[in-house]
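[1] Please find the sequence and the predicted model below.
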Amino acid sequence: MFIGKVVGTLWSTKKTQNLESLRFLIIHPLNLNKEPLTDIVVAADVLGAGRGEYVMVAYGRAARLAVGDENCSIEAAVTAIIDRIDIDESMTPLQVDALKMMSA
Amino acid sequence: MFIGKVVGTLWSTKKTQNLESLRFLIIHPLNLNKEPLTDIVVAADVLGAGRGEYVMVAYGRAARLAVGDENCSIEAAVTAIIDRIDIDESMTPLQVDALKMMSA
Amino acid sequence: MFIGKVVGTLWSTKKTQNLESLRFLIIHPLNLNKEPLTDIVVAADVLGAGRGEYVMVAYGRAARLAVGDENCSIEAAVTAIIDRIDIDESMTPLQVDALKMMSA
Amino acid sequence: MFIGKVVGTLWSTKKTQNLESLRFLIIHPLNLNKEPLTDIVVAADVLGAGRGEYVMVAYGRAARLAVGDENCSIEAAVTAIIDRIDIDESMTPLQVDALKMMSA
Amino acid sequence: MFIGKVVGTLWSTKKTQNLESLRFLIIHPLNLNKEPLTDIVVAADVLGAGRGEYVMVAYGRAARLAVGDENCSIEAAVTAIIDRIDIDESMTPLQVDALKMMSA
């Protein structure tokens, strides 16, 4: 699984039938560099995650289990809204800063 | 899932039997940098996505469910044609630009 | 799925039993940069793809379905020999060149 | 599977039901460069791995088997706490150093 | 699947029960650049691959089939010890060199 920030929402009217009732979020994966990440991931969400929240995202069958439908055409879903992360102080200050941003 | 732009079509006469009736699109994944992406993905399509359209693509069993045949030899398929994305203004202007390109 | 060029063949006498009758090709994935790719992929082939040909490769269960044996120990296989790709002229000239190489 | 170092813990109260009793660790994958890695992975843990320990992490169904619940929404789990690794002296000194850090 | 060189062995006493009898190798994936690779992969091995040997590695269910236990917590395994690879002379000399290293 990875940690990401919710940065947007995706809207579609023309989609496969097994996606009708799902909400799709645009997720910005967190990394330990200051540089902005260049990739974004689309994930289904049934937990009601809001913009700016940090979430845990899972891929594959785990994602379909998360939305409660093993036969829907998704392979990424929000599985948790993150409250806090505790991190090891032996990491470099930059890394600690990046992760503390989340814990604030 | 990821967001990509339809940039072409792939033609093949010699292929495995379980791919006979499928249409294959060449997809350019969207990222948040200005640099052109160096990778392309081939995805099956049953939604009729056209050149220049932005689509959501899913991998694995989700792709086979999307085309309605769990026993075909694909692992990537278009699952939605994207109407619009709403994005967080707290992202860097560059990132917002990249994503707004799509919402235009 | 991805597009790659067949650049070689792999030979092995000591392998798991469920791979006995399979042929393995070394595939060079196509990208849109001029730089040579640094990665290669090994894929099983039952279509008889030859050196220099461009092929579509699928991963996972799709690969096992392609070779007609769901219980063999492969996760990549050639699923089509590519005849032609049609590409969007709105891409950068460099990108168009890279893809036209294939359509020639 | 990959080798990673446990660098933190993730806390969440709002998560999918099938994750209730699981503990989630933040893992820093090991590589052979001196540069700090830019990616982190979240993995479920039932072995009681502690901060600073090196672990083996598996993805997909292997992860669900590791935590003893094939229907939970995870796709990464700690499968072993590493005691020692023996490495080939033909690698570059830098590479050997990076791996020996672990064996110390 | 990918080609890699066996560069070490991983030892663990505290691991999930379904891994008890397995041997784990540290694999250095081969690429076509002169630069040392920065990533390593851990793979289960039942073929008895030795240090310095080049092997084919498969991911996912293919790996579990390779070790003969679909319910063990692995997602990477050695599926073949490579005897020789034949490569296309149209590749760049650097690429040919990198691959010939293996064929020697």
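    Yep, that arrived.
[2] where does chain A dip in pLDDT?
    The model of chain A has pLDDT under 70 over residues A:31-38, A:89-104.
[3] Around chain B, pick out the residues from it.
    For chain A, the residues in contact with chain B (C-beta under 8 Å from any C-beta of the partner chain) are A:6-16, A:18-19, A:24, A:26, A:28, A:36-43, A:51-52, A:60-61, A:64, A:71-76. Quick note: C-beta positions are derived from backbone N, CA and C, even for glycine.
[4] switch the cut-off to 7 Å
    Neighbours of chain B within chain A, by C-beta under 7 Å from any C-beta of the partner chain: A:7-16, A:18-19, A:26, A:36, A:38-42, A:51-52, A:60, A:71, A:73-76.
[5] how close does residue A:48 get to residue E:78?
    Going from residue A:48 to residue E:78 by C-beta to C-beta, to the nearest Å gives 45 Å.
[6] for stretch A:70-79, which positions count as buried?
    Neighbour-count burial for stretch A:70-79 flags A:72-79 (criterion: 16 or more other C-beta atoms under 10 Å in any protein chain shown).
[7] That one and chain C, are they touching?
    No - using C-beta under 7 Å from any C-beta, stretch A:70-79 stays clear of chain C, coming no nearer than 11.2 Å.
[8] where does the residue nearest to residue A:68 when sequence neighbours are not counted fall, phi/psi-wise?
    Of all residues not flanking residue A:68 in the chain, residue A:46 sits nearest, at 7.1 Å (C-beta to C-beta, 6 or more residues apart in numbering or on different chains). As for residue A:46, its main-chain torsions (degrees, to the nearest 10) stand at phi -120, psi 10.
[9] and residue A:46, how many neighbours?
    Per other C-beta atoms under 10 Å in any protein chain shown, the neighbour tally for residue A:46 reads 16.
[10] Wait, it touches residue A:67, no?
    Yes - using C-beta atoms under 7 Å, residue A:46 is in contact with residue A:67, at 5.1 Å.
[11] which other residues reach stretch A:46-65?
    Stretch A:46-65 is contacted by residues A:1-6, A:25, A:27, A:41, A:43-44, A:66-67, A:70, A:72, A:74-82, A:102, B:60, B:88, D:10, D:12, D:14, D:18, D:42, D:60, D:71, D:73-75 when judged by C-beta atoms under 7 Å, 6 or more residues apart in numbering or on different chains.
[12] Out of those residues, which sit inside strands?
    Counting by DSSP state E, these place A:2-6, A:25, A:27, A:41, A:43-44, A:76-81, D:10, D:14, D:42 in strands.
[13] about what we covered before: check the gap between the residue nearest to residue A:68 and residue D:16 for me.
    Taken as C-beta to C-beta, the span from residue A:46 to residue D:16 is 8 Å.
[14] Please identify the buried residues of stretch A:49-63?
    For stretch A:49-63, a neighbour-count test (16+ other C-beta under 10 Å) marks A:49, A:51, A:53-63 as buried.
[15] Which pair of those residues spans the longest distance?
    Greatest spacing in these, by C-beta to C-beta: A:51 and A:61 (27.8 Å).
[16] By proximity to chain C, which residue of chain A wins?
    residue A:60 (10.0 Å; C-beta to the nearest C-beta).
[17] which residues touch the closest residue to residue A:54 other than its chain neighbours?
    Excluding the flanking residues, the one nearest residue A:54 by C-beta to C-beta, 6+ apart is residue A:82, at 4.4 Å. By C-beta under 7 Å, 6+ apart, residue A:82 lies in contact with A:3, A:54-56, A:102, D:10, D:12.
[18] Could you measure from residue A:82 over to chain B?
    Taking C-beta to the nearest C-beta, to the nearest Å as the measure, residue A:82 and chain B are separated by 17 Å.
[19] okay, and the common contacts of residue A:46 and residue D:16?
    Common neighbours of residue A:46 and residue D:16, using C-beta under 7 Å, 6+ apart, are residue A:66.
[20] Report the contact partners of residue A:6.
    Contacts of residue A:6 by C-beta under 7 Å, 6+ apart are A:25, A:27, A:49-53, A:55.
[21] Can you convert those into TSV and add a column each for secondary structure?
    Shown next, in TSV, are these (DSSP: H, G, I helix; E, B strand; the rest coil):
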residue	secondary structure
A:25	strand
A:27	strand
A:49	coil
A:50	coil
A:51	coil
A:52	coil
A:53	coil
A:55	strand
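[22] Just give me the closest of the residues you listed to chain B.
    Proximity of the contacts of residue A:6 to chain B (C-beta to the nearest C-beta) peaks at residue A:51, which lies at 5.3 Å.
[23] any idea whether the residue nearest to residue A:77 when sequence neighbours are not counted is helix, strand or coil?
    Closest residue to residue A:77 apart from its sequence neighbours, by C-beta to C-beta, 6+ apart: residue A:63 at 3.6 Å. Counting by three-state DSSP, the backbone at residue A:63 sits in helix.
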